[in-house]
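# sequence and computational prediction follow.
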Amino acid sequence: MLVAAAVCPCPPLLVPEVAAGAAPELDAARAACTDALGVLAASRPDLLVVVGPADRSGRGPHPQGTRGSFGGFGVDLTVRLGRPDTDGADPGTDGAVPDSPERELPASLAVAAWLLERTGWSDAPVEGLGVGEPLESERCFRAGEQIGGRAGRVALLVMGDASACRTLKAPGYLDGRAEGFDAEVARALGAADVAALKALDASLAYELKAAGRAPWQVLAGAAEGAGLGGALLHDDAPYGVGYLVAAWS
């Protein structure tokens, strides 16, 4: 059963070595992520599952100990998803692809691994799941339901950005729908409103380049009936991209 969740943005710029001179601009987001992970630790889970957007090569399960790299961003930095574990279990999620020891973590899960290392996570085994941005909502819900039933006390670390269309210089350019979309997501995450997350328009999210939509809907599937409360810890849109941090417990 899901006992806690943390929702964090996943730009590689969260990692100071990647951000370089711009690192201070995301100090508040990093601090909020640390607070959210503290909620996960306080929940004393039996299992932590990290969910984040991924391209085709990174979709599916990633066992504990899987490596991630920021070499593609010009930084010689590697991370691991929790402690190395040769017995890493398959999350058993609908549509998952078989794990290969040669695969690296997708960028979103590498950022999550960095956050976990930064906070010294050692409270429970960790597994990762990369989900495709266009994954249908119903499949997201089913994946979340399966994750929520995998242990007596399950926690989720949900990685994903809101829209990337908040300003003219944003990656997706300015879209007048983006601010309202992000405001509704922020409200839903802050209120732990499962129904509102389930009702997110997948097509609109895709048009607004909101990479967090599928992971948020995995969270909604896992949280159904869990009775968790939420708190919004951070809401900002530097670079025209919505970065939200929330904690559920």
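Alright, I've got the coordinates.

# only C-alpha atoms from now on, for both contacts and neighbour counts.
Noted.

# which residue is nearest the centroid of the protein?
Nearest to the mean C-alpha position of the chain, counting by Cα atoms, centre = their mean, stands M159 at 1.2 Å.

# partners of it in the sheet?
With DSSP bridges applied, the residues forming beta bridges to M159 are C8.

# contact partners for it?
If you count contacts by Cα atoms under 8 Å, 6 or more residues apart in numbering, M159 has them with 7-10, 50-53, 108-109, 112, 212, 215.

# kindly recompute the last result at 10 Å.
Contact analysis of M159 by Cα atoms under 10 Å, 6 or more residues apart in numbering lists 6-11, 50-53, 108-109, 111-112, 130, 211-216, 244-245.

# how about E145?
Contact partners of E145, counting by Cα under 10 Å, 6+ apart, are 1-2, 93, 139, 218-224.

# tell me the buried residues in the strand or helix carrying it?
Assignment of secondary structure by DSSP states H and E places E145 within helix 137-148. Along helix 137-148, the positions that meet the burial threshold by neighbour count (16 or more other Cα atoms under 10 Å) are 137, 139-148.

# just to revisit the earlier point, how near is the residue nearest to the centre of the chain to L48?
Separation of M159 from L48 (Cα to Cα, to the nearest Å) stands at 13 Å.

# buried stuff in the longest helix anywhere in the chain?
Ranked by residue count, the top helix of the chain under DSSP state H comes out as helix 27-42. When burial is assessed from 16+ other Cα under 10 Å, helix 27-42 yields the following buried residues: 29-30, 32-37, 39-41.
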